[in-house]
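[1] sequence first, predicted model second:
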Amino acid sequence: MKKVVINGDFAASYGALSAEVKFIAAYPITPQTLVVEKLSELVSDGELKASFVKVESEHSAMAACMGAEAAGVRSFTATSSQGLLLMSEVLHWSARARLPIVMSNVNRAVGPGWSIWADDTDSISQRDTGWMQVYVENNQEVYDAILMGYKISEDPGILLPTMVNLDAFFLSHTSEIVEMIDTEDVRKFLPPYDPKYKLDVNDPHAFGALTSPEYYYEFTVKIHKAMIKAKRKIQEVGKEFGDKFGRYYDMTEAYKTEDADIILVTHGTIAGTAKETVDRLRAEGKKVGNLKIRYLRPFPDEQVYEHLKNAKKIVVVDRSISYGKEGAFYSETKASLFDYNLFVPTYGMIAGLGGRDVSIQTIREIVKTAEDNEPNKIFFIGEKK
Amino acid sequence: MNQEKKKLTITIPEEEIMQAGHLACQGCGAAIAMRYALKALGKDIILDFPACCWSVIDGPFPYSATQVPLFHTAFETAAAVASGITNGIQAIGNDHTTVMAWAGDGGTFDIGIQALSGAAERNDNLIYTVYDNEAYMNTGIQRSSATPHGAWTTTTPVKHFKKGEKKDIDSILVAHGIPYLATTSIAYAEDMVKKYKRAKEIRGTKFMHVFAPCPTGWKSDPAMTVKLAKLAVETGVFPLYEVVNGKYKLSIKPKELKPVEEYLKLQGRFKHLQKDDIDYIQKKVIEKWEILLKKVEMFGE
Amino acid sequence: MDKEKKYEFNKTEEYPKMVVSFGSTLTNKTASWRTFKPVINEDKCIGCGICWKFCPEPAITPTNPPKIIYDYCKGCGICIVECPVNAIDKVDEKR
């Protein structure tokens, strides 16, 4: 173990380094640029023995990763915002091709107007591509989620790619202490990538051929089943990681929810702020808790229900909105509860759009809004009214 | 039966890598092109196809005609995927396997040109083949930027046939400074095999422009596919040449170019053309031919 | 490897994870596409190999004289046009 003080982008780069990726293709976009800069340095210094192709677009970055990964070569890329949107087509393609690529995506707003600040619209809009999506809270989790991401994605029973989402600037450009794991120890945790089928001249197969209605349906079902299976895998790998390295992860993280009347449901950096606010509110005598959701896909329905079932009010915070409806995490959470016939007052809180700060004060306002209003609708927190 | 009878005259490698039963239309030039390319390149090869006729020709799941490792990919990604494969396998120590992107003219001249330009600029070690049938044939004969002046397509109907020239993709690729470019034709099998074998030996980006007539899209008799490909060369419509490290070299130099009308009249896609249209096409063909001869002279060996 | 082996997947569990091909297109006999068939007149054949060379399928054997593999010949007629000694006849398919 080695402790370093690095920003979130570097944590992503070091995650790829520790995972000993053999192939990188990337295109620069703010605020992801530090990822590609650090990786360029690591590769050119020979610290990371990998091929790094500086492609001419994000679309080609993912396409090149598909080619390498299909040839059995562990691949990594990083992007953000418009870049992720440009990749959209090949996000679907890479997932349907069952290529366990891992990518870090810096959550950034989409234009117009130009905004380089934190907002989840980019990754949320790619929810249905077949990529697993994990949202992280701090730089340590960026690094850890990449290592665990490969382990989960490359599992022969899963074979789906992982997108590690970190908030623009709040993580990407903010330095924190990160504990790096020694390569030898990573190797014991993450074995080399060796898929059953790959582009191999000694065992030639065609991948992705024309598929008639007679066959297409079942391939789609298989992806869904793999995604469902991944829930268990994420938990197992999170536990194994904890046993080995001391940091445990699950699909969700409950904080003081057991006896809480009001439970906040948050993700990303907002979860950290929410936990801090929970402590302060509890000191003031309010029974508030926080449920951090790590995975949007697959979605932890069971855990969401388990942690929320005794709450009197459920308050979901989204840093994006599906125009004409509500925030995605709000929709997903409600759907999970509905599946369990749990009807509790819920509130959808839209906060922090386009990088607007979500402070302790903002979380206090969110809780107060839930206390003072009728439920089952959305509220814009921090809007200039 | 005379047991002393000679063996069949074989002028290209005998082994068939591409298998029959594929889904190409009758008399498909693109099928012939693949057959020759694989003969030349052998089995130590990985292919990738973007959306194109070959996405269908190769056969539906769970079958494949090419019988070599092959990755089907999205329309604009042929070159990028090939870059990933070639750099990926190199990173794990494989520097012998040939990697070839195999795309149609739409996937190359139009939607795939960005990724192709990227790969060519980086000089990634791959062969990029465009099998050029001069329109989006797989989607039903829509014009591409490879469609020549005068041609009918479903999006350039007879009354508004394609105006404007075919994009000069070869000059664009030459301008990237790649080590090897060749134009080839399915009517010249030996020449094509020779060029693919040469491409296989060169490191860097190799661009192969294969002229592949399409009876379905050209409204021509399937039996005339090879004839048409030959006429394209003989009339100067599609000259055969190589560009090695910037140096142009003609592969076939007809003593005298045949009138372009001989080529045009065999194709339904040109049957609406009037005499002055044909004269115009003739004029442009000669102009371009002379420019090519000048390049050979200026930049030749 | 049996290039004409057929592969069937009847249940989701039997499918591979990704769309990956196993067999060859030789399972697909394209003879039914023909409206006429080329017939080699072996007496006229000079063994030049041109018909074999230009066949898009390929459905002509590299033997002297060459044989047309009628299971796969789609009847495009290229061999008929390209034969330098007109040794290949165009014969209507009777069904």
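    Ah, there it is. Numbers count the residues shown, from 1 in each chain, chains lettered A, B, ... in the order given.
[2] what's the closest non-adjacent residue to residue B:120?
    In this structure, residue B:120 finds its nearest non-sequential neighbour in residue B:176, 4.0 Å apart by CB to CB, 6 or more residues apart in numbering or on different chains. The way it works is simple: take the backbone N, C-alpha and C, and place the C-beta from them, glycine included.
[3] quick one: that neighbour from residue B:128, how far?
    Remark: distance between residue B:176 and residue B:128 (CB to CB, to the nearest Å) = 11 Å.
[4] ok, the two, which is more surrounded?
    Taking other CB atoms under 10 Å in any protein chain shown, residue B:176 and residue B:128 do not tie; residue B:128 has more neighbours (29 against 17).
[5] thought the more buried one was touching residue B:117?
    No: using CB atoms under 8 Å, residue B:128 makes no contact with residue B:117, being 10.7 Å away.
[6] enumerate the residues of the stretch 151-300 of chain B near chain C.
    Within reach of chain C by CB under 8 Å from any CB of the partner chain, the stretch 151-300 of chain B has these residues: B:186, B:189, B:215, B:221-227.
[7] just give me the closest of the residues you listed to residue B:208.
    Taking CB to CB as the measure, residue B:208 lies nearest residue B:186 of these, at 12.1 Å.
[8] now residue C:21: how far from residue B:70?
    Taking CB to CB, one finds residue C:21 at 8 Å from residue B:70.
[9] mutual contacts of the two, please.
    The contact sets of residue C:21 and residue B:70 overlap at A:205-207, B:64 (CB atoms under 8 Å, 6 or more residues apart in numbering or on different chains).
[10] among those, which are within reach of chain C?
    The overlap between those and the neighbours of chain C (CB under 8 Å from any CB) comes to A:205-207, B:64.
[11] what about residue A:228, how many neighbours?
    Residue A:228 has 12 nearby residues by other CB under 10 Å.
[12] can you check the one 3 residues further on too?
    Residue A:231 has 18 neighbouring residues, counting by other CB under 10 Å.
[13] mind listing what the closest residue to it other than its chain neighbours touches?
    Leaving out its chain neighbours, the residue that sits closest to residue A:231 by CB to CB, 6+ apart is residue A:298, at 5.0 Å. Contact analysis of residue A:298 by CB under 8 Å, 6+ apart lists A:132, A:227-228, A:230-231, A:234, A:251.
[14] next one: residue A:298 from chain C, what distance?
    According to CB to the nearest CB, to the nearest Å, residue A:298 stands 16 Å off from chain C.
[15] with residue A:44 instead?
    Distance of residue A:44 to chain C, computed by CB to the nearest CB: 34 Å.
[16] domains in chain A, by residue range?
    What automatic domain parsing lists as the domains of chain A is A:2-245, A:252-380.
[17] quick check, residue B:176 in contact with residue B:121.
    Yes: Residue B:176 lies in contact with residue B:121 (CB under 8 Å); the separation is 5.7 Å.
[18] and residue A:20, how many neighbours?
    A count of nearby residues for residue A:20, using other CB under 10 Å, gives 17.
[19] no no, residue A:51
    Using other CB under 10 Å, residue A:51 has 23 other residues around it.
[20] still on that earlier bit, as TSV, the residues of the stretch 151-300 of chain B next to chain C with secondary structure and distance to chain A would be great.
    Putting those into TSV (DSSP: H, G, I helix; E, B strand; the rest coil; distance: CB to the nearest CB, whole Å) gives the following:
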residue	secondary structure	distance to chain A
B:186	coil	23
B:189	helix	24
B:215	helix	21
B:221	coil	27
B:222	helix	22
B:223	helix	27
B:224	helix	28
B:225	helix	23
B:226	helix	27
B:227	helix	30
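[21] let's see if you can find the most crowded of these.
    Within those, most neighbours by other CB under 10 Å means residue B:225, with 31 neighbours.
[22] residues in contact with the closest residue to it other than its chain neighbours?
    Distances taken as CB to CB, 6+ apart place residue B:27 nearest to residue B:225, at 4.3 Å, with adjacent residues excluded. Neighbouring residues of residue B:27 by CB under 8 Å, 6+ apart: B:215, B:221-225, C:56, C:76-78.
[23] please identify the helix or strand for residue C:72.
    According to DSSP states H and E, residue C:72 maps onto no helix or strand at all.
[24] show me what contacts it?
    Residues in contact with residue C:72 (CB under 8 Å, 6+ apart) are B:20-21, C:26, C:29-31, C:57, C:59.
[25] so the spatially most central residue of chain B, which of the three states?
    Residue closest to the mean C-alpha point of chain B, counted by CA atoms, centre = their mean, is residue B:210 at 1.9 Å. Going by DSSP: H, G, I helix; E, B strand; the rest coil, the secondary structure assigned to residue B:210 is strand.
[26] residue A:236 should be in a helix, yeah?
    Yes: counting by three-state DSSP, residue A:236 is found in a helix.
[27] if I look at it, how far off is residue A:155?
    9 Å.
[28] ok, residue 33 - how many residues close by?
    Here I'm looking at chain A. The tally of other residues near residue A:33 (other CB under 10 Å) stands at 18.
[29] not quite, I wanted chain C
    14.
[30] where does it land on pLDDT?
    If you check residue C:33, the pLDDT there is 96.
[31] gap between it and chain A?
    Counting by CB to the nearest CB, the gap between residue C:33 and chain A amounts to 18 Å.
[32] shaky segments in chain C?
    Residue ranges of chain C with pLDDT under 70: C:1, C:95.
[33] on that earlier part again, among the contacts of residue C:72, which ones are buried?
    Of the members of the contacts of residue C:72, the ones counted as buried by neighbours, 16 or more other CB atoms under 10 Å in any protein chain shown, are B:20-21, C:26, C:30, C:57, C:59.
[34] now, the residues you listed that are in helices?
    The helices, defined by DSSP state H, take in nothing from the buried ones among the contacts of residue C:72.
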